[in-house]
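Peer 1: have a look at this prediction, sequence included:
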Amino acid sequence: MNLLGQPVGLVHYLVVGAVLFACGVVCMAVKRNAVGVLMGIELVLNGANLNFVALGSRFLRADSPLALGLDGQAMALFVIVLAAAEAAVALAIALNYYNTHATIDVDEADQLKG
Amino acid sequence: MVDFLAQYLGSVWLAGTLWALVQVVLVLTVVMISVAFFTWLERKESARIQDRLGPTRVGGRFGWLQPVADGLKLLMKEDLIPAAADRVLFRAAPYVSFCAAFTVFVALPVASGWVALRLDAGVFFVLAVAGLEVLGVVLAGYASGSKWSLFGAMREAAQVVSYEVPLALSAVVPVMVAGSIDPVTIGDLQAGGFWNWLVFHDPFTFAAFFVYFTCAVASVNRAPFDLPEAESELVAGFMTEYSGFRWRVFFMAEYASMLAVSFLLVFLFLGAWHGPLPLVAGVYAVLGIPAGHPLAIFVAQLAGAGVFLVKGYLGVATMIWLRWTLPRLRIDQVMTMCLKYCLPLSAAMFLGAAVWLYAFPAGVTSRLLGPGAAATEAAGSPPAVAGRTALAEGER
Amino acid sequence: MAVHWHSFFFWLMAIMACGFALAVVFSNNIVRMAFYLILSLGAVSGLFFLAGADFLGAMQLMIYVGGTVVLLVFGVMLTARRPWVDMQTSGGQWVLAAVVGALLLAVLLQTAFSVPPWQSSAAAAGALPPAAEPTAGPLGLAMVGVRVERMADRPAAESSSGLAGYLLPFEIVSVHLVVVLVGAAYLARARRRLSAAAPARPLEEAPQ
């Protein structure tokens, strides 16, 4: 099949990154469980990471002077570390919320409404 | 190897594909046979420790074919899924653990240059993938639909995840001494006699060896750290609802991960594929065989692979020995051991090894470290930096 | 028919990543969402390996899949009530979210396809995938402050501009992690129940 015989270009990685990003945004918007919202955040960050790594990849941009090179991987590394930290804090907040309100539903968090 | 095959097959693509398939089959076969061997070894060793004989009927006097009989029996058992179980996850969980445990062997070398995938972050990859087994455990505990399975799974996950930190810290000590996180480089560094093994490099690495072994036993949930698996000797934690082939998959994953941490122990501390004495080089020197001859190199690497496997199996045999000798720890003792003893110890060993490297950059006995590092070893520059610079300049 | 293995595994991993991400969005059971997230992030790690970033792929496996998802699963278990599937979103919200998501995807795809040099790759069809160059060493040294992979193409006599590494961000992130650990532990500490009707927690109490 011609599709499998051709090497993939940068745009393929960017499309996958875009799909992950959009899925993450929809997940953040739609889920009522706070942990589900966090999963959406993880998907968003992974889409962005994939973009960074693809733009910095030696395979995909060997001959371009605009290639990010190792910078792409370093940025993705920092994003991974910061995402892990942010997930820890967000889960602590979710746990706190669950302990005080006895529910994990974010729709019930409307005490400041109106 | 690919070029060698391509000459006969005519196409580089076919040669590359065939060679990749051969490597995959080799890795899988070695690990599967090892796992079957450990089933037999566990029963024999536990029997001898308990002053009885163990399997003696299937396959001759020593019961060699007992693992085959066990496997056949488990295949023929009824496939039970509890009514309250989550069917998709119940079926998928054993395979998550299995894949995580077996993928580790992709990056583990058995001899100098004999590795399925030479990653220059090899040790890191091994530690990362070995920590993925806990996901299969937690999913299995949830998917069984029983709160006891869930409790056991959460305890096991907490234990494995907690012990990953001192495990990684004490694994980083020989990496720092060697100056490379590539397992092939670390193994090549320990050539010569057993006095070159990293465990004898400095007292901090020596202590890190014991901390690593303890954390390795804990992170594969073997006794004396197997409280999550044998809580009341009747229910088996997250594996309670698993029977037949799925239980066998979990056990294969457990033995495979025991073998993986044992292999990691061997090439980080115990000289990888080098024997205690440089016998092969000595034999070649005595018989006058040129050491650069391809067949001579091949035979030497084969001997190295054999030595590596034997050392790994000895590590697993020690873990089995520990299981049947020491009593089980309580969960609070397990967590105390990790957070109050192993973690500060491994951090102290890391600091101590760093200070030692700074104080004695050329090693206490001034041994050469790494290919090409001798030329760049300036006074006061740690050999670790020399090793890393050599790596950065593309030397592989 | 020579399958370009790089492309084959790329398509496999890409379909896994996107498919399981969609499964995360459309699933209602929170634990199944975590499982699909594991598979999706594992596929993204495979994509990192295919793009030549093997240290980053291993790091993704260790930190994201082995750390963050375990954290999420613990979070699910600690905040769970029977039945697991009880929170549904109304149809109107789904439509709105789908419209926004589709628009965002359209914008991103249009940007991705807008640069012609990005559409093709320099690799030859039918060849074997290229061998990865070492990234762990250069990344590690870049974190300490020296960009060793840029040293090769500038003579030593010139100024050392562009050779600065990521030492300051590395230190900032380290301190950030300590702060986050302390803060998260403080936020999630056990405290008294607000009401007697609250369900029992499935794990023993966290240390105070």
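Peer 2: Received it, and whenever you're ready, just let me know what you need.
Peer 1: and the strands in chain A?
Peer 2: Counting by DSSP state E, one finds no strands in chain A.
Peer 1: up against chain B, what does it have?
Peer 2: Taking Cβ under 8 Å from any Cβ of the partner chain as the criterion, chain B has no neighbours within chain A. Backbone N, C-alpha and C define where each C-beta goes, glycine included.
Peer 1: how about the helices in chain A?
Peer 2: Secondary structure of chain A, counting by DSSP state H: helices at A:2-5, A:10-30, A:34-55, A:70-101.
Peer 1: mind listing what B:Ala216 touches?
Peer 2: For B:Ala216, the contacting residues are B:167, B:261-262, B:264-265, by Cβ atoms under 8 Å, 6 or more residues apart in numbering or on different chains.
Peer 1: and for B:Ala303?
Peer 2: Taking Cβ under 8 Å, 6+ apart, one finds B:275, B:280 in contact with B:Ala303.
Peer 1: ditto for B:Leu326
Peer 2: The contact partners of B:Leu326, taken as Cβ under 8 Å, 6+ apart, are B:223-224.
Peer 1: try 6 Å
Peer 2: B:Pro224 (Cβ atoms under 6 Å, 6 or more residues apart in numbering or on different chains).
Peer 1: just to revisit the earlier point, can you list the helices of chain A in TSV and add distance to A:Asp110 and mean neighbour count?
Peer 2: Listed next are those as TSV, based on distance: least, Cβ to Cβ, whole Å; neighbours: other Cβ atoms under 10 Å in any protein chain shown:
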stretch	distance to A:Asp110	mean neighbour count
helix A:2-5	49	12
helix A:10-30	17	24
helix A:34-55	14	25
helix A:70-101	11	20
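Peer 1: can you put the ones you listed in JSON lines and add mean pLDDT?
Peer 2: As requested, the helices of chain A are exported to JSON lines (pLDDT from 0 to 100):
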{"stretch": "helix A:2-5", "mean pLDDT": "66"}
{"stretch": "helix A:10-30", "mean pLDDT": "93"}
{"stretch": "helix A:34-55", "mean pLDDT": "93"}
{"stretch": "helix A:70-101", "mean pLDDT": "90"}
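Peer 1: ok, and the closest non-adjacent residue to the residue in chain C that chain B sits nearest to?
Peer 2: Here chain C gets closest to chain B at one residue, C:Met62, 3.3 Å apart by Cβ to the nearest Cβ. Nearest non-adjacent residue to C:Met62, counting by Cβ to Cβ, 6 or more residues apart in numbering or on different chains: B:Ala128, 3.3 Å away.
Peer 1: just the CA coordinates of stretch B:209-227, formatted as PDB?
Peer 2: Extracted C-alpha coordinates of stretch B:209-227, given in PDB (Å, rounded to 0.1, in the frame of the first residue of the first chain):
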ATOM      1  CA  PHE B 209      24.200  -2.500  45.900                       C
ATOM      2  CA  PHE B 210      22.400  -3.800  49.000                       C
ATOM      3  CA  VAL B 211      19.900  -0.900  49.000                       C
ATOM      4  CA  TYR B 212      19.200  -1.600  45.300                       C
ATOM      5  CA  PHE B 213      18.600  -5.300  46.000                       C
ATOM      6  CA  THR B 214      16.300  -4.600  48.900                       C
ATOM      7  CA  CYS B 215      14.300  -2.100  46.800                       C
ATOM      8  CA  ALA B 216      14.200  -4.500  43.800                       C
ATOM      9  CA  VAL B 217      12.800  -7.300  46.000                       C
ATOM     10  CA  ALA B 218      10.200  -4.800  47.300                       C
ATOM     11  CA  SER B 219       9.300  -3.400  43.900                       C
ATOM     12  CA  VAL B 220       8.500  -6.900  42.500                       C
ATOM     13  CA  ASN B 221       6.400  -7.700  45.500                       C
ATOM     14  CA  ARG B 222       8.400 -10.700  46.600                       C
ATOM     15  CA  ALA B 223       8.700 -11.800  50.200                       C
ATOM     16  CA  PRO B 224       9.400 -10.500  52.700                       C
ATOM     17  CA  PHE B 225       7.500  -7.600  51.000                       C
ATOM     18  CA  ASP B 226       4.600  -9.600  49.700                       C
ATOM     19  CA  LEU B 227       1.900  -8.600  52.100                       C
END
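Peer 1: now a PyMOL select for only the buried ones of the contacts of B:Ala216.
Peer 2: PyMOL command restricting the contacts of B:Ala216 to the buried ones, with burial defined by 16 or more other Cβ atoms under 10 Å in any protein chain shown:
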select buried, chain B and resi 167+261+262+264+265
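Peer 1: can you list the residues of chain C near chain B?
Peer 2: Contact residues, chain C versus chain B (Cβ under 6 Å from any Cβ of the partner chain): C:2, C:31, C:35, C:38, C:54-55, C:58, C:61-62, C:65-66, C:70, C:73, C:128, C:134, C:136-138, C:148, C:203.
Peer 1: before we move on, back to that, just checking, which of the contacts of B:Ala216 belong to helices?
Peer 2: B:167, B:261-262, B:264-265.
Peer 1: can you list the domains in chain C?
Peer 2: Domains of chain C are assigned by automatic domain parsing as C:1-84, C:133-189.
Peer 1: could you dump those domains into TSV and include mean pLDDT and mean neighbour count?
Peer 2: Shown next, in TSV, are these (pLDDT from 0 to 100; neighbours: other Cβ atoms under 10 Å in any protein chain shown):
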stretch	mean pLDDT	mean neighbour count
domain C:1-84	87	22
domain C:133-189	81	15
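Peer 1: re earlier: out of the ones in helices among the contacts of B:Ala216, which comes closest to chain C?
Peer 2: Among the ones in helices among the contacts of B:Ala216, B:Leu167 lies closest to chain C (Cβ to the nearest Cβ), at 11.8 Å.
Peer 1: let me see the confidence value for the closest one.
Peer 2: On the pLDDT scale, B:Leu167 is placed at 94.
Peer 1: measure it to B:Leu322 for me?
Peer 2: 16 Å (Cβ to Cβ, to the nearest Å).
Peer 1: hmm, C:Gly165 and C:Gly145 touching each other?
Peer 2: Yes: contact criterion Cβ atoms under 6 Å: C:Gly145 and C:Gly165 qualify, at 4.1 Å.
Peer 1: may I see the buried residues of stretch B:16-32?
Peer 2: Using 16+ other Cβ under 10 Å as the burial criterion, the residues of stretch B:16-32 that qualify are B:16-17, B:19, B:23, B:27, B:31.
Peer 1: show me what whichever helix or strand C:Phe9 is part of is packed against.
Peer 2: Here C:Phe9, judged by DSSP states H and E, is contained in helix C:5-26. Packing partners of helix C:5-26 (3 or more Cβ pairs under 6 Å, 6 or more residues apart in numbering or on different chains; DSSP states H and E): helix A:10-30, helix C:30-50.
Peer 1: can we see that at 8 Å?
Peer 2: With contacts defined as 3 or more Cβ pairs under 8 Å, 6 or more residues apart in numbering or on different chains; DSSP states H and E, the packing partners of helix C:5-26 are helix A:2-5, helix A:10-30, helix A:34-55, helix B:12-49, helix C:30-50.
Peer 1: can you list the ones you listed in TSV and add distance to B:Thr205?
Peer 2: Formatted as TSV, these follow (distance: least, Cβ to Cβ, whole Å):
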stretch	distance to B:Thr205
helix A:2-5	48
helix A:10-30	41
helix A:34-55	34
helix B:12-49	27
helix C:30-50	31
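Peer 1: out of these, which is closest to A:Gln111?
Peer 2: Of all the helices and strands packed on helix C:5-26, it is helix A:34-55 that lies closest to A:Gln111, at 15.3 Å by Cβ to Cβ.
Peer 1: pull the distance from the closest one to the chain's centre.
Peer 2: Distance of helix A:34-55 from the chain centroid (Cα atoms, centre = their mean, to the nearest Å) equals 1 Å.
Peer 1: next, the angle from that helix to helix A:70-101.
Peer 2: 180 degrees (axes from the mean of the first three to the mean of the last three Cα atoms, to 10 degrees).
Peer 1: check which helix or strand the spatially closest residue to B:Leu167 that is not a sequence neighbour maps to.
Peer 2: Take B:Leu167 and drop its neighbours on the chain: the residue closest to it by Cβ to Cβ, 6+ apart is B:Cys215, 4.0 Å away. Using DSSP H and E, the element containing B:Cys215 is helix B:203-219.
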